[in-house]
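> Structure, please.
(one chain, ligands or ions: 1)
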Amino acid sequence: MPLYEYECIQCRNNVEDTLKQLRKGITKKKVSDAVKKHDNINHIGVFDLTSESVLAEHGKRDKEGTDLDFFMNEGTILVLFNLQKNFRFSELIYEEEDEKKIKCPFCNTKKVEKVVSSFAFTSDLSTDMPKPDLSNLPPSVRNRTFIGDYIEEKDRPKKNR
Ligand SMILES: [Zn+2]
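Have a look, this model is predicted:
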């Protein structure tokens, strides 16, 4: 039986819009505004991996939530999102009719997109991802990586090579 992956457009946009804003410049206000504005985002942490400092942080992490990490500035900045539910989710589809019933597990909208991808979200590619030093964060954060923002070897920070 086929297992397909879907993304909630709205929930994904909340994350993408936040990243877009942060790429133009990181401010504490942008981070706190994003957490307040977007229901699906529990917490955002922005870390400078070169100086190992927290640039901005807002909200409260939920251990039951989903952590997604994104890298910016050639891998020197880590943006860590804690979401109530991942905007990407899997569904088993037995027949065509099933697809019409698919809803976002967080906001229940039916505006979802099928993810066209050659590998599964949980693929083991993540084991080769650079692991920034986040020893103060729970293992779930450290072990989870987001393939959508995979960093090329050359773009990784030197200390992670
Ligand atoms: Zn949603």
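
> which element is the residue nearest the centre of the chain on?
Residue closest to the mean C-alpha point of the chain, counted by CA atoms, centre = their mean, is residue 68 at 2.8 Å. Here residue 68 sits within strand 66-72, counting by DSSP states H and E.

> how about the residues of this structure that lie near the ion?
8, 11, 104, 106-107 (CB under 5 Å from the ion). In this view, the C-beta of every residue, glycine as well, is placed from N, C-alpha and C.

> Quick one: these as JSON lines, columns for secondary structure too.
Supplementary listing: these in JSON lines, determined by DSSP: H, G, I helix; E, B strand; the rest coil:
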{"residue": "8", "secondary structure": "strand"}
{"residue": "11", "secondary structure": "helix"}
{"residue": "104", "secondary structure": "coil"}
{"residue": "106", "secondary structure": "coil"}
{"residue": "107", "secondary structure": "coil"}
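
> I'd like those laid out as JSON lines, including pLDDT and neighbour count.
JSON lines is the format used below for those (pLDDT from 0 to 100; neighbours: other CB atoms under 10 Å):
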{"residue": "8", "pLDDT": "97", "neighbour count": "26"}
{"residue": "11", "pLDDT": "98", "neighbour count": "27"}
{"residue": "104", "pLDDT": "97", "neighbour count": "22"}
{"residue": "106", "pLDDT": "97", "neighbour count": "19"}
{"residue": "107", "pLDDT": "97", "neighbour count": "16"}
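
> Near residue 95, how many other residues are there?
Counted by other CB atoms under 10 Å, the residues lying close to residue 95 total 6.

> Equivalent analysis for residue 29, please.
Residue 29 has 9 nearby residues by other CB under 10 Å.
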